[in-house]
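> Make a model of this:
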Amino acid sequence: YYIARRYKIGETNGDLLIYHVILTLKPFCHKPFELVVDFTHTCSDNRFRTEFLQKWFVVLPQVAYENIHGAYLYNCNSWVREYTKFHDRILMPLKGNRKLVFIDTPSRLNDFISPDQQKLPG
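Predicted coordinates:
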């Protein structure tokens with residue numbers, strides 16, 4: 001579960017964030033796993049710079065892409081939509097990917113992940 005609004009451009013070391021994500025996924029990426037990205041209350045302060053966004057696709061191990069069962073993007077606001085349009089070329093590999101699911105309500109997340117398995121932050 002990744003909470004996008006907690007990343008602040010200029011305050012968070014992007015390389016350390018990637019390192020943390022890789023370490024967090026390491027025990028799970030060799031078997032099927034799911035990822036929830038929460039975009040609630042995100043804005044330009046929480047964006048990844050273009051070069052940093054590109055780096056995600058290079059440094060994450062291929063096995064993580066192969067074993068991700070689903071990526072659930074929760075509460076995408078208009079700013080997130082504009083950001084993805086602007087970076088369309090970088091995000092092209094994700095377009096049309098059936099593993100990518102946009103979620104607008106918590107109950108819709110329940111359709112994909114059982115509530116007792118969500119382990120969402122309080």
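> what about the helix or strand containing residue 58, distance to the chain center?
Assigned by DSSP states H and E, residue 58 belongs to helix 50-59. From the chain centre to the centre of helix 50-59 is a distance of 13 Å (CA atoms, centre = their mean, to the nearest Å).
> Off-centre distance for whichever helix or strand comes after it?
Next helix or strand after helix 50-59 toward the C-terminus (DSSP H and E): helix 62-67. Here the centre of helix 62-67 is set off from its chain's centre by 14 Å, with CA atoms, centre = their mean.
> Tell me the buried residues in helix 62-67?
Within helix 62-67, the residues scored as buried using 16 or more other CB atoms under 10 Å are residue 64. (Each C-beta comes from the backbone N, C-alpha and C, glycine too.)
> For stretch 92-102, measure first residue to last.
16 Å (CA to CA, to the nearest Å).
> pLDDT on it, on average?
Averaging pLDDT along stretch 92-102 gives 72.
> on that earlier part again, can you spell out which helices and strands pack onto the helix holding residue 58?
helix 14-25, helix 88-91 (3 or more CB pairs under 8 Å, 6 or more residues apart in numbering; DSSP states H and E).
> What helices and strands are in contact with the shortest one?
Taking 3+ CB pairs under 8 Å, 6+ apart as the contact definition, the neighbouring helices and strands of helix 88-91 are helix 50-59.
> Please repeat the previous calculation with a cut-off of 10 Å.
Contacts defined by 3 or more CB pairs under 10 Å, 6 or more residues apart in numbering; DSSP states H and E place helix 88-91 against helix 50-59, helix 78-86.
> Which residue is most remote from the mean position of this protein?
Within the chain, the residue lying farthest from the chain centre (CA atoms, centre = their mean) is residue 116, at 20.9 Å.
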